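Asks: quick one, structure for this:
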Amino acid sequence: MEEDAASWAGTTAMQPTTGSGGKKNETDRTALVSARLKQIYRKSVYPVEKRHRYDYFYESPYLTDVEFESKPQVMLIGQYSVGKTSFIRYLLGRDFPGQRIGPEPTTDRFTVLINGPEERTIPGNALSVHPDLPFRGLERFGVSFLSRFEGSQLPSSVLRSVTLIDTPGILSGEKQRVSRGYDFTKVVAWFADRADLILLLFDAHKLDISDELKGAIDALKGHEDKIRCILNKADQIDRQQLMRVYGALLWSLGKTMSSPEVTRVYVGSFWQEPLRSMDNAALFEDEERDLMKDLAILPRQSAVRKINELVKRIRKVKALAYIIGYLKIQMPNLMGREKKQQKLINDLPNVFRTIMKKYNLVPGDFPDINEFSAKLKEVKFSEFESLKQSQIEALDHALESDIPKLMEDLPSEKDTPETLRAKMGKAAISNTSNVPLPTRDTKFGKGADDNSANPFGAAPDNEDKYWALQESADRLWDSFEALGPEGGFLPPSVARDVLVKTGLKKEELRQIWNLSDIDCDGYFDHHEYVVAMFLCDAVIQKGRPIPAELPPSVVPPSKRALLAKKNADF
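Replies: Reported below is the predicted structural model:
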């Protein structure tokens, strides 16, 4: 029967489809979004920023074209010896130029890892003026910082899709902060503004949050949605200690981060070496898989992230324009300007409240009152430009019309399978990630002979991993997605219609359903759908009788334990 299963599986009616590939569609869509965002910025946002000195008040330079076109960026932050550089090496699967790993503070500079044809390091001064890289804004931090900033270029399939940013190991105490020669937290804030994902790493043996680390976390304010925490080296402690350490970390983060929501914390050992203790191997494997999924989807989310960042910037620009305009009209024409300016600065909280009520703004769009007050002391209000209503209308039009139209061209949960295909092409039906990420079964105590890394699947003699219908599953993926599964499952009505269209008798379909719906939830996932199609084809094409139970090789490996339990209950 198992030999029949293997042969039937290869005769499924569906044939594999060809396509241009998800990566090209993904790149095209991101490029289209970037081009339209650049138009919106140049036309509606940049004139307001320049008029009201956004670059001065927010210490954020005007955006350049290359910043809209850049790849997703992942920034790693943590105290020294938490494993930031080892984590990057694990992701890349190799060493990289300028790599420094050790128990002492080895990484003494910001390192940007980029894809390129040859291995080399690029000095920070050259990197900051590179026409194709989004780092020109770092010039504002001076030569002292640029001498501690470098690029690491190497050919890498991972770096084709994302840019990685390794940061210096954070120390404790004021002395180390001063000796850096530049404002570390401001540099972190600059990168955080442009990062798509921020990984905050902690060592399971060193949970203390130093003054400088707290300052770096404070600099991430407003980017809480990008932050993921990693509790690294957790394989070096036992299960009971891990529970205590995990709780202590959440408590420390709760006191340090102002967000009411709990930050996602991934627990494990994020480097290539096998786990020292296998007590929590299954947990660490699941945690690493979840983290890798977070990284893998970054390119697909890049377009949405660019839109999100521009919307945040527009809201801040609009609030700044109203503030500057209000302060301008409060100034007397001739006498008493300095006195009036000081009075307005001292009364800044009431000024902010007045502007909020008058223009229906929200507190989150306003700058930090203390930092803004310090900036105001260095300028003359009489030199401010007055509010230009046409520019405010242009900002409103961008928020209310231009950007919503752009969002309509991106995939959403309201899309039908047909419209999703039109927007995303092959990427809409691909279950592969855009970023090739490491898989190390041996790391988690699994045998190296299970064929999990073989792209042609497991051999028939590997009973635990082999699935006779794997090739059919690959061919049937397109047709499954075309049926519009909800959360990965076909509703009973849809699955029923598919079976009815085969023309089989009602009693035959009832038997096929009972065999295919392995978890008995009334829905078909992709694997159950494949089993059902296989049974239908066996009856229609080969005239085989429907078996009383599924042959072991036909049962999807992920459902064998469930089926065994169900049979045992009977």
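
Asks: show me where the stretch 301-450 of the chain has strands.
Replies: Remark: no strands are assigned in the stretch 301-450 of the chain by DSSP state E, counting those that start in this stretch.

Asks: pLDDT weak spots in it?
Replies: Counting by pLDDT under 70, the stretch 301-450 of the chain has low-confidence residues at 410-443, 445-450.

Asks: recalculate using a threshold of 50.
Replies: Across the stretch 301-450 of the chain, the ranges flagged by pLDDT under 50 are 413, 415, 420, 423-424, 426-433, 449.

Asks: repeat that for the stretch 1-150 of the chain.
Replies: 1-23.

Asks: ranges for the helices of it?
Replies: With DSSP state H, counting those that start in this stretch, the ranges of helices along the stretch 1-150 of the chain come out as 2-9, 22-40, 46-51, 54-57, 65-69, 84-92, 124-127, 142-146.

Asks: of these, which stretch is the most buried?
Replies: Scoring the helices of the stretch 1-150 of the chain by mean neighbour count under mean count of other Cβ atoms under 10 Å gives helix 84-92 as the most buried, with a mean of 22. Where C-beta positions appear, they are placed from N, C-alpha and C, glycine not excepted.

Asks: still on that earlier bit, out of the helices of the stretch 1-150 of the chain, which is closest to residue 339?
Replies: Residue 339 sits nearest to helix 54-57 of all the helices of the stretch 1-150 of the chain, at 22.6 Å, using Cβ to Cβ.

Asks: if we can go back for a sec, of the helices of the stretch 1-150 of the chain, which is nearest residue 400?
Replies: Ranking the helices of the stretch 1-150 of the chain by proximity to residue 400 (Cβ to Cβ) places helix 22-40 first, at 12.1 Å.

Asks: in this protein, where's the longest helix?
Replies: Longest helix of the chain, by residue count under DSSP state H: helix 298-330.

Asks: please identify the buried residues of it?
Replies: Buried residues in helix 298-330, counted by 16 or more other Cβ atoms under 10 Å: 298-303, 305-307, 309-310, 313-328.

Asks: now for it, which elements pack on it?
Replies: helix 22-40, helix 46-51, helix 54-57, helix 337-346, helix 348-359, helix 389-397, helix 403-408 (3 or more Cβ pairs under 8 Å, 6 or more residues apart in numbering; DSSP states H and E).

Asks: at 6 Å instead, please
Replies: Packing partners of helix 298-330 (3 or more Cβ pairs under 6 Å, 6 or more residues apart in numbering; DSSP states H and E): helix 22-40, helix 46-51, helix 348-359.

Asks: can you put those helices in CSV and add distance to residue 387?
Replies: Output for those, formatted as CSV (distance: least, Cβ to Cβ, whole Å):
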stretch, distance to residue 387
helix 22-40, 21
helix 46-51, 9
helix 348-359, 10
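
Asks: residue 460: which of the ones you listed is closest?
Replies: Taking Cβ to Cβ, helix 22-40 is the member of these nearest to residue 460, at 30.8 Å.

Asks: one step back: ok, which of the helices of the stretch 1-150 of the chain comes nearest residue 517?
Replies: Nearest to residue 517, of the helices of the stretch 1-150 of the chain and by Cβ to Cβ, is helix 2-9 at 18.4 Å.

Asks: helices or strands next to the helix or strand encompassing residue 288 in the packing?
Replies: Here residue 288 sits within helix 281-296, counting by DSSP states H and E. Here helix 281-296 touches strand 265-267, going by 3+ Cβ pairs under 6 Å, 6+ apart.

Asks: how far out from the middle of the chain is the strand it packs on?
Replies: Offset of strand 265-267 from its chain centre (Cα atoms, centre = their mean, to the nearest Å): 15 Å.

Asks: so which elements touch it?
Replies: strand 227-232, helix 281-296.

Asks: same thing but 7 Å
Replies: Packed against strand 265-267 by the contact rule (3 or more Cβ pairs under 7 Å, 6 or more residues apart in numbering; DSSP states H and E) you find strand 227-232, helix 239-256, helix 281-296.

Asks: out of these, deepest packed?
Replies: It is strand 227-232: most buried of these by mean count of other Cβ under 10 Å, with a mean of 22.

Asks: coming back round to it: nearest to residue 490, out of the helices and strands packed on helix 298-330?
Replies: helix 22-40 (22.3 Å).

Asks: returning to what we had before: tell me which of the helices and strands packed on helix 298-330 lies nearest to residue 92.
Replies: helix 22-40 (18.8 Å).

Asks: returning to what we had before: figure out which of the helices and strands packed on strand 265-267 is closest to residue 406.
Replies: The nearest among the helices and strands packed on strand 265-267, by Cβ to Cβ, is helix 281-296 at 24.3 Å.

Asks: chain center to the strand or helix carrying residue 529: distance?
Replies: Here residue 529 is covered by helix 526-542, with elements defined by DSSP H and E. Offset of helix 526-542 from its chain centre (Cα atoms, centre = their mean): 37 Å.

Asks: so for that helix, what gets flagged as buried?
Replies: In helix 526-542, the ones that count as buried by 16+ other Cβ under 10 Å are 526-539.

Asks: likewise for stretch 509-529?
Replies: In stretch 509-529, counting by 16+ other Cβ under 10 Å, buried: 509, 511-513, 515-518, 523-529.

Asks: now the helices of the stretch 1-150 of the chain in JSON lines, with distance to residue 348?
Replies: As requested, the helices of the stretch 1-150 of the chain are exported to JSON lines (distance: least, Cβ to Cβ, whole Å):
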{"stretch": "helix 2-9", "distance to residue 348": "72"}
{"stretch": "helix 22-40", "distance to residue 348": "31"}
{"stretch": "helix 46-51", "distance to residue 348": "21"}
{"stretch": "helix 54-57", "distance to residue 348": "13"}
{"stretch": "helix 65-69", "distance to residue 348": "31"}
{"stretch": "helix 84-92", "distance to residue 348": "39"}
{"stretch": "helix 124-127", "distance to residue 348": "37"}
{"stretch": "helix 142-146", "distance to residue 348": "30"}
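
Asks: can you check which of those helices gets nearest to residue 480?
Replies: Closest to residue 480 of the helices of the stretch 1-150 of the chain, according to Cβ to Cβ: helix 2-9, at 15.5 Å.

Asks: got a list of contacts for the helix holding residue 529?
Replies: Helix 526-542 is contacted by residues 8-9, 11-13, 469, 472-473, 476-477, 480, 490, 499, 502, 504, 508, 512, 515-518, 524, 544, 546, 554, 556, 558-559 when judged by Cβ atoms under 7 Å, 6 or more residues apart in numbering.
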